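Asker: Could you work out the structure for the sequence below:
(2 chains)
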Amino acid sequence: MATAIKTAALIRRLERHGGGVYSLELEPERRVPRYKAGQFLHLALDGYDPSRHWPESRAFSIASAPGSGVVRITYSVVGQFTRRLEAEAAEGKTVWIKLPYGEFVVEDGRETVLVAGGTGITAFTAYLEGMSEGMRGGMSGAAVHVLYGARRAELLVYRERIEGWRRGNERLQVMYFAEEGVCGEGIREGRLRCEDVYGAAARPEEAVFYLSGPPGMLKAFSEELRNRYGVEAWRIRIDAWE
Amino acid sequence: MNEQELRVEILKLVRQLGAAREYAQEHAEAAPVHYAGRVYGVEEMVNLVDASLDFWLTASRYAEEFENRLAEYVGVSDCVLVNSGSSANLVALTALTSPKLGERRLKPGDEVITVAAGFPTTVNPTIQNGLVPVFVDVSLGEYVAIPERVAAAIGPQTRAIMMAHTLGNPFDLEAVCALARAHELWVVEDNCDALGSRYNGQLTGSFGHVATCSFYPAHHITMGEGGAVLTNDEELARIVRSLRDWGRDCYCTGGESNTCGKRFGQQFGTLPYGYDHKYVYSHIGYNLKVTDMQAAIGCAQLERLEGFIAARKENFRELAAGLKEYEERLLLPRATRGSDPAWFGFPITVREDAGFTRNELTRYLEERQVETRNLFCGNLLRHPAYEGIRHRVVGDLTNTDVITNNTFFVGVYPGIRAAQRGYMLEKFTEFMRAH
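Answerer: Modelled structure (predicted):
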């Protein structure tokens, strides 16, 4: 893992997805070290003074693929810090970020099931974008299944991008789920269930399952995969923060 | 004035002092001619004071900048700063003993192929980790391991090769890496004297599983005390950081907490679930970190590295040309096949039939303020500390003993300019004419 750096970053674009979900495109002042898809950053709203401690910050998955020069995050308002972020984030404002961190990196080589609840999808988007570029470059590999659920269809904020990455990418299969409201074409109604997760893989007894989303979902799915389906612990990878 | 304005004023004055120091270095007398030394100026002094005014003291913004920039320069994924090149060697080799590597790890009794003609801390980590050094001879003129001897030294217990690019001259990386692949051996490049050297066009320090650098003032760039471990293996990098930072499992930097977001949510060994990750130890480690003041100097030195390398090469070329006429009595250095060394020094071996001894020549030079150095420890096995160590010698160490008796080096560092170079050659000429 490259040495993490701290840098000021300009909020270049702010997207409001509704339902308390936002995306920020950040333009770092310093060149960002090589990071891996699935890694995360810390974002602070207060300025960082190197003679003092790093200010209060929160971790967010880096949703953009490495090398683009812009760093994208998506967050939903769930606590004190994200409420403050919702209130203060604006295009043109400078924030501080430190990155990259984390080991939740999808490994190629075997059938993979990526399970995302809400903004948990951002742990996978950089990988999917990179995979799509790799496919265009002639790369091949095992199948990747994405199961992406949200409260409502409009909160599947990465659906359009994923559909773009899916085009011409035979390795990638995607299922969408919306818990409530009008679902629309291609979106299944109802909550994502563990049988969907296990059943997504052609050979679930060998597949690796990556889970990213709310803590309750991670706990429920990992326990059920282990206890009901007998998936070994090493084949269940969780992006869990406190 | 507020804090920022005060800092600007202080740094303005530091710039003036730095400019005066630069002038003094550029207009130094022809003698003394040091074998090495720090070459610095405005930016080093400004960075040093800037970091000191942060008063964060331990590694921070300058350290992170340096690690990223050096990794990028050498072409590896990870650079980990430590407090010396010797510490870098220690953690680099110790990392290969980590239980996290499973069956691949080095275990006590495993053998590490190396050379006896060099600096002790290339070998010490092997002994300190309960491993067994296996010594092979080097070639005269190149001063690096003879590849055939390395091949002959490989036995059932051999698990690694750890050698230095002596005085900047790369060892035969093609042969060594091929042997390592064939026999599943770890390769540790002691690159402390060779930052900027190339082998088949690629920078040394990027070939081995892990490599080391030194930033002691004698080296290609300096931060006073300092070193770095380089690797393209992220798992090794994590282990190296852990060993450097007390052996802890957590990767938070000084003054930070819960960067991973899992500080109280993990299970380790038989500790209670959720035991504070900041105090979980996965290695028997050390504290070998640098301060940010050191790294700040290093950042400014990195800017000069290419210029420093060019100056070292020019000094080497000029000395080689100036001493060529004495080749019958002095064995002059030669670059190894396929290499383009960023020379650390200019090694010379006094031939047996020269009509004078190494010590007579070096005494003459030293008395006239031309600094000389032996090729470090010569034959390491002849030193008191190494009497009785468990080791193996494959073949003989004839050339290593010749080095012990007959070899020395003079400087090529960037502080040596035309005036000092001319003075040094003049003293050689005087001596040779008198003998």
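
Asker: make it CA atoms for all contacts and neighbour counts henceforth
Answerer: Will do.

Asker: Tell me, how many residues neighbour residue B:286?
Answerer: Using other C-alpha atoms under 10 Å in any protein chain shown, the number of residues around residue B:286 comes to 15.

Asker: And for residue A:38?
Answerer: Close neighbours of residue A:38, defined as other C-alpha under 10 Å, add up to 25.

Asker: Now for it, which secondary structure element holds it?
Answerer: Assigning secondary structure by DSSP states H and E places residue A:38 outside every helix and strand.

Asker: do residue B:70 as well
Answerer: Using DSSP H and E, the element containing residue B:70 is helix B:61-74.

Asker: What lies in contact with that helix?
Answerer: A:2-6, A:33, A:50, B:51, B:77-81, B:203-206, B:230, B:290-293, B:295-296, B:298-299, B:302 (C-alpha atoms under 8 Å, 6 or more residues apart in numbering or on different chains).

Asker: tell me which residues of that helix are tucked away?
Answerer: Judged by neighbour count (16 or more other C-alpha atoms under 10 Å in any protein chain shown), helix B:61-74 contains these buried residues: B:61-71, B:74.

Asker: Name the surrounding residues that touch the next helix or strand after that helix.
Answerer: As assigned by DSSP H and E, the chain's next helix or strand after helix B:61-74 is strand B:78-82. Outside strand B:78-82, the residues that touch it by C-alpha under 8 Å, 6+ apart are A:1-3, B:63, B:67-68, B:70-71, B:88, B:226-234, B:237, B:240-241, B:244, B:288-290.

Asker: and the following helix or strand past strand B:78-82, what's its mean pLDDT?
Answerer: Moving toward the C-terminus from strand B:78-82, the next helix or strand (DSSP H and E) is helix B:85-95. Mean per-residue pLDDT for helix B:85-95: 98.

Asker: wait, what's in contact with whichever residue of the stretch 51-200 of chain B sits closest to chain A?
Answerer: Closest to chain A within the stretch 51-200 of chain B is residue B:54: 4.3 Å, counting by C-alpha to the nearest C-alpha. Residues counted as contacts of residue B:54 (C-alpha under 8 Å, 6+ apart) are A:50-51.

Asker: Now the phi/psi pair for it, please.
Answerer: Per-residue torsions, residue B:54: phi -60, psi -40 (degrees, to the nearest 10).

Asker: The residue of chain A found nearest chain B: what's it in contact with?
Answerer: Closest approach between chain A and chain B, counting by C-alpha to the nearest C-alpha: residue A:51, at 4.3 Å. Residues near residue A:51 by C-alpha under 8 Å, 6+ apart: B:53-56.

Asker: Point out where chain A drops to low pLDDT.
Answerer: A:1, A:135-140, A:241-242 (pLDDT under 70).

Asker: Could you check the angle the lengthiest strand in it makes with helix B:61-74?
Answerer: What stands out as the longest strand in chain A, according to DSSP state E, is strand A:5-18. Angle between the axes of strand A:5-18 and helix B:61-74 is 90 degrees (criterion: axes from the mean of the first three to the mean of the last three C-alpha atoms, to 10 degrees).

Asker: now the closest residue to residue B:159 other than its chain neighbours: how far from residue B:157?
Answerer: By the measure of C-alpha to C-alpha, 6 or more residues apart in numbering or on different chains, the closest residue to residue B:159 outside its immediate chain neighbours is residue B:185, 4.8 Å from it. Look at residue B:185 and residue B:157: by C-alpha to C-alpha, to the nearest Å, they are 10 Å apart.

Asker: So for these two, which sits in the more crowded spot?
Answerer: residue B:185 (22 against 12).

Asker: Chain A: strands as residue ranges?
Answerer: Using DSSP E, strands in chain A cover A:5-18, A:21-28, A:40-44, A:57-61, A:71-76, A:94-101, A:112-117, A:144-152, A:172-180, A:187-189, A:208-212, A:236-238.

Asker: would you turn these into JSON lines with distance to chain B and mean neighbour count?
Answerer: Shown next, in JSON lines, are these (distance: least, C-alpha to the nearest C-alpha, whole Å; neighbours: other C-alpha atoms under 10 Å in any protein chain shown):
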{"stretch": "strand A:5-18", "distance to chain B": "6", "mean neighbour count": "18"}
{"stretch": "strand A:21-28", "distance to chain B": "14", "mean neighbour count": "21"}
{"stretch": "strand A:40-44", "distance to chain B": "8", "mean neighbour count": "23"}
{"stretch": "strand A:57-61", "distance to chain B": "7", "mean neighbour count": "20"}
{"stretch": "strand A:71-76", "distance to chain B": "16", "mean neighbour count": "22"}
{"stretch": "strand A:94-101", "distance to chain B": "7", "mean neighbour count": "23"}
{"stretch": "strand A:112-117", "distance to chain B": "19", "mean neighbour count": "25"}
{"stretch": "strand A:144-152", "distance to chain B": "23", "mean neighbour count": "22"}
{"stretch": "strand A:172-180", "distance to chain B": "28", "mean neighbour count": "19"}
{"stretch": "strand A:187-189", "distance to chain B": "32", "mean neighbour count": "17"}
{"stretch": "strand A:208-212", "distance to chain B": "14", "mean neighbour count": "25"}
{"stretch": "strand A:236-238", "distance to chain B": "12", "mean neighbour count": "18"}
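
Asker: could I get these as a markdown table with distance to residue B:281?
Answerer: Shown next, in a markdown table, are those (distance: least, C-alpha to C-alpha, whole Å):
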| stretch | distance to residue B:281 |
| --- | --- |
| strand A:5-18 | 24 |
| strand A:21-28 | 34 |
| strand A:40-44 | 24 |
| strand A:57-61 | 24 |
| strand A:71-76 | 33 |
| strand A:94-101 | 19 |
| strand A:112-117 | 32 |
| strand A:144-152 | 36 |
| strand A:172-180 | 40 |
| strand A:187-189 | 46 |
| strand A:208-212 | 27 |
| strand A:236-238 | 23 |
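
Asker: Can you report how many residues lie near residue 198?
Answerer: Assuming you mean chain A. Here the count is done by other C-alpha under 10 Å, and residue A:198 has 20 residues near it.

Asker: let's do chain B instead
Answerer: Using other C-alpha under 10 Å, residue B:198 has 20 other residues around it.

Asker: Next one: it from residue A:12, what distance?
Answerer: 42 Å.

Asker: next one: phi and psi at the nearest residue to residue B:86 once chain neighbours are set aside?
Answerer: Closest residue to residue B:86 apart from its sequence neighbours, by C-alpha to C-alpha, 6+ apart: residue B:121 at 5.5 Å. Main-chain dihedrals, residue B:121, degrees, to the nearest 10: phi -80, psi 10.

Asker: show me what contacts residue B:121?
Answerer: Each residue near residue B:121 by C-alpha under 8 Å, 6+ apart is listed here: B:86, B:89-90.

Asker: could you dump those residues to a markdown table with neighbour count?
Answerer: Formatted as a markdown table, the contacts of residue B:121 follow (neighbours: other C-alpha atoms under 10 Å in any protein chain shown):
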| residue | neighbour count |
| --- | --- |
| B:86 | 26 |
| B:89 | 32 |
| B:90 | 25 |
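
Asker: Could you dump the residues you listed into TSV and include distance to residue A:144?
Answerer: Converted to TSV, these look like this (distance: C-alpha to C-alpha, whole Å):
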residue	distance to residue A:144
B:86	46
B:89	42
B:90	42
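
Asker: between those, which is nearest residue B:321?
Answerer: residue B:86 (33.6 Å; C-alpha to C-alpha).

Asker: do you know how far the closest one is from residue B:92?
Answerer: Relative to residue B:92, and taking C-alpha to C-alpha, residue B:86 is found at 10 Å.

Asker: cool, residue B:84 as well?
Answerer: Computed as C-alpha to C-alpha, the residue B:84 to residue B:92 distance reads 12 Å.
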